[in-house]
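*Asks:* After the sequence you'll find the predicted model.
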Amino acid sequence: MLALGAAPVFAQSTTGSIFGQVPAGRGETVQIKSSTGIARTVAVDSHGRYSASELPLGTYTVTLLHEGNAVDTRNDISLRVGSGTEVSFDTAAATTLGAVSVSANATPPIDVTTVDSRTVITADELARLPLGRSAEAIALLAPGVAGNSGGYTGPTGQPLVSFGGSAASENAYYINGFNTTDPQRGLGGLALPYGAIEQQEIYTGGYSAQYGRSDGGVINQVGKRGTNEWHFGGQVLWEPAFAQSDAANTYYTNGRPASPVAGGLYDPNSRNRQWTTTYDAYLGGPLIKDKLFLFIAAEATKQEGDTVNNVSSAKPYVDYTYKSPKWYAKLDWNITDSNILEITGASSKRETSGSIYGYDYATLSRGNFINLDDNIKTGGDLYTAKFTSYLTDSLTFSAMYGKMKLMNYDVPGNYDGSQTYLTDIEFQNPAYINGSPIGNGQVTQSLYNPNRHTTTDNLRIDLSYQIGSHTISAGIDNQNSRAIDQGSQNSGPGYYWGYAYTTTPNVALIPSLGVGAPANYPNGASGYYAIQYVNSSIASVRSAQRAQYIEDKWQLTDRWLLSLGLRNDQFTDYNANGDAYIRQHSAQWAPRLGFSWDVNGDSSFKVYGNAGRYYLGLPLNPALNAAGAYVSTQQYFTYAGIAPDGTPTGLVPFSNPVSSNNTYGVLPDPKTVTAQNIKPEYQDEFILGFTKTLGANWVYGAKLTQRILRNAIDDYCDVPAIENKAAALGYSVSATNSCYLINPGRANTFTVIDDTGAYRSVSLSNAEMGFPPLKRKYYALETFLEHPFDGHWYGKIDYVFSRSYGDTEGQLRSDIRQTAASTSIDWDFPSLMSSSNGAQSNDHTHQIKLFGYYQFNPQWQVSGNLSLVSGNPRNCLGFYGPDQTDPNGYGSSYHWCGGQPSPPGTHRLPWNRQLDLGASYRPAFADHKLGFSLNVFNVFNSQAILNAYPYYQISPGTPDPLYGSSIVRQQPRYVRLSATYDY
């Protein structure tokens, strides 16, 4: 029988645990000693059980002691983050529960000490598998994780992923226990240099009450640390341009614009070229043996290339350079055997520069120099300190504090403020342009404050106490975030021009906003018009998030483990004046209940389940718009000509400056921003599964998952509906709010200010607001078969059947690539939610993943990674209703297509198929310390469309030429060559 009373394991932690069973009468204590000199001696209970928790990752020697004398020893015990490693002394060898590597004659291990759903990838596996060098590329190995269809990227440009149908902004990122998630929009987080990753945890559900602020998934990276032996090494990687395939061009698919630049060609992607070189190095060892250890790593990536943008871009051809410097340093101090201090510093940044040239799309050739491109710096730095004290054999205390700063620097090169930015020049009136659209040299649309950045600090205090069959943990998790000088303003004169046309010029464009029919004004009969856009908003905002938790890991019987947890979150958000506009301080109880049943008592068959609630606080983004004082207006004009600089002349306005969201630059009273007693976003999750050995060398299993989004926060912009209800109640209200934050899909009560200055309450039922109930549901059946590494080969295949459906994706709208987290266009007006129920953007019915590697001998290895994912929905968005109107000024953004309802999921994109292969050679003459690798990504050069342009019309009755064209595709085939040396 394997051990009882397993030690606790914690999500997003940096530690593991060791536990085991000792034959009766054989000993009294067990000594656990790491390769870095840490030594702990723990007692054996009356049933012969022992456990030691909160152990730093590393290699350990476990010794059974009888009256202080060694009786038996197990060497080279490697821990796995968040897992329990079983080391018993009634078997021939130790078994690492949940590990991928086992000895050739061992039974494949199953971790019966966990109730969660996760995948752990070690540094050794990262070195073997053909993977992209990002946390998200690693996460794609986990079942149910898919690339996000919106093409969203993180702080350093890495493509983001979706977990279990959720939005890409609903995930959490950790480095060595510190939350590195972007606080403004939740889009990604910082990650370690690839060679500094010791292990990466990918949580797809069921994690501990110690952690929250995610209803998607969790990516937790643990960095390497120094040991008692000095090691160093380096690597050079090269992705040459000559070994990359051409990308597919994009063409107009639904007719052509009035003044096409290059016929049917829209974006000549095949002319793009790029080449990448990466250098990294590391050094680790003891500064004082058994006491003080150092590990440092640095990585420098430089990508150069040429990008030809689409025909309407103000930057036709860009010769660019990306520099991505990263570093990581960790200091470990064993103050005593009972007290450990860990100090971590990490940085991951991206610096962009380039030159902009003209481009002849007819001859596909570069033109003259126009200007320097923007200098952009993103990413940032973090610093953390963690103290762990083993107060007794049963009581462990830890405290962690860290700070992070993310830059968002964007300054134009050689900016010329005398010119006006132009967009959509291909829709200029052909009568005024002599056959070719007229532009100018202004390449800058928006100006940003050079000081723009965000900061986050995080304090965690945890206490763990083992008493009998219980391991009780409690603690706090507090986080503060700030967004400094965020927002932008228009370049040039403070506005920019856009061109448009309609085939029905006698029909008013947006009657609800007072935008009439162009034909009623001079030079408007042809249907051509111009729009003057004014946008301005720069502000600083902050939030405070607090949480407390308690959890009991209870070894109920020899075979049953229960996990009983409860978490309480509180959220406060502040506007630009420092006034709180959301105070969610009432108890937000998040229970976490799980079990693990060791059916046979020998870790060969595990049945497990989990039920939990997960709260997600607001990102900082809503404080900058719904709670902010930003300006975003449009004014419509007919025009009589086009000047040599591309701006319209002979202007006649046929509207005032208008805004569908009432965004005229007035900071709303913080008491009126949100619905009264607004509740945080939260999701309930239910999991039931099993894992079982198959013979001596295989493991298989299956799992059912259901996720139900119970509550969300988004903005509601139907201000007249609130004013009309107020009038019915006898209040005279003229609101200056742009939009209100609500819990969509249910009744909301608003605080308004009447004409006397008094606060009034106005309630609207969900029916009065005109909305369907909130719905996002996800269910999945996951099955897998795995062959753990036996010294020769490793392989795993996953199949997931799933559905993600409802009337909201969550915080984002991937189909239109909207980044305004928690203030998407969903729920703004009832017409936008008409026919919104269906398969959501991150819905993939089938996912098949197969990956592994084969070690021919100590010198040669091959590896592969195959992914087959069915296509997500391809939406068709048009004007509203059978009469194809625009009741709210949102253009072609309604779930109607050509006058017919068009729920999401009506159409599908093709399957995404990708095969990556690798081969490596470590020659014996260099003692296998020198290695050479070749990786080929997307071997068959599949370039499936991952996101298609969804807008069916540019005005009622006027087709949009780009409808159905590709916005995001698979990256074409490319090759990576590398040389590595490890000493």
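*Replies:* Done, it's in. Numbers count the residues shown, from 1 in each chain.

*Asks:* and the closest residue to Gly650 other than its chain neighbours, how many neighbours does it have?
*Replies:* For Gly650, ignoring the flanking residues on the chain, the nearest one in space by CB to CB, 6 or more residues apart in numbering is Ala640 at 2.5 Å. All C-beta atoms are positioned from the backbone trio N, CA, C, and that covers glycine. If you count neighbours by other CB atoms under 10 Å, Ala640 ends up with 14.

*Asks:* and what of Gly263?
*Replies:* Around Gly263 there are 12 other residues, counting by other CB under 10 Å.

*Asks:* Distance-wise, check the residue nearest to Gly650 relative to Pro493.
*Replies:* The span separating Ala640 from Pro493 equals 20 Å under the rule CB to CB, to the nearest Å.

*Asks:* How about Gly358: what's its closest non-neighbour residue?
*Replies:* Gly367 (2.9 Å).

*Asks:* Wasn't Ala137 part of a strand?
*Replies:* No. Read with DSSP: H, G, I helix; E, B strand; the rest coil, Ala137 is helix and lies in no strand.

*Asks:* Touching, it and Leu131? I think so.
*Replies:* Yes. Assessed by CB atoms under 8 Å, Ala137 is found in contact with Leu131 at 5.2 Å.

*Asks:* More neighbours: those two, which one.
*Replies:* Counted by other CB under 10 Å, Ala137 and Leu131 do not tie: Leu131 has more neighbours, with 22 against 19.

*Asks:* wait, doesn't the more buried one sit right on Ile138?
*Replies:* Yes. Taking CB under 8 Å as the definition, Leu131 is a contact partner of Ile138 at 6.0 Å.

*Asks:* Let me know the next secondary structure element after the host helix or strand of the residue nearest to Gly358.
*Replies:* Using DSSP states H and E, Gly367 falls within strand 365-372. Sequence-wise, the next helix or strand downstream of strand 365-372 (DSSP H and E) is strand 375-390.

*Asks:* got the angle for whichever helix or strand comes after that following strand vs strand 375-390?
*Replies:* With elements assigned by DSSP H and E, the helix or strand that comes after strand 375-390 is strand 395-411. With axes from the mean of the first three to the mean of the last three CA atoms, to 10 degrees applied, the angle from strand 395-411 to strand 375-390 works out at 170 degrees.

*Asks:* Excluding sequence neighbours, find me the nearest residue to Asp360.
*Replies:* Gly367 (5.8 Å).

*Asks:* before we move on, back to that, could you list the buried residues of the strand holding Gly367?
*Replies:* Judged by neighbour count using 16 or more other CB atoms under 10 Å, the buried positions of strand 365-372 are Arg366, Ile370, Asn371.

*Asks:* Pull the contacting residues for the residue nearest to Gly650.
*Replies:* The contact partners of Ala640, taken as CB atoms under 8 Å, 6 or more residues apart in numbering, are Pro522, Asn523, Thr649, Gly650, Leu651.

*Asks:* so how far is Leu946 from it?
*Replies:* Plainly put, Ala640 is 43 Å away from Leu946 if you go by CB to CB.

*Asks:* Equivalent analysis for Tyr409, please.
*Replies:* Counting by CB to CB, the gap from Tyr409 to Leu946 is 29 Å.

*Asks:* With neighbour numbers in mind, choose between these two.
*Replies:* In this view Tyr409 and Leu946 are compared by other CB under 10 Å, and Leu946 has more residues nearby, 24 against 18.

*Asks:* Now name the helix or strand holding the more buried one.
*Replies:* Here Leu946 is assigned to strand 945-948, by DSSP H and E.

*Asks:* which parts of that strand are buried?
*Replies:* Within strand 945-948, the residues that qualify as buried are Ile945, Leu946, Asn947, Ala948, counting by 16+ other CB under 10 Å.

*Asks:* Quick one: mean pLDDT for the next helix or strand after it?
*Replies:* Proceeding N to C from strand 945-948, the next assigned helix or strand is strand 953-955, under DSSP H and E. Throughout strand 953-955, pLDDT has a mean value of 91.
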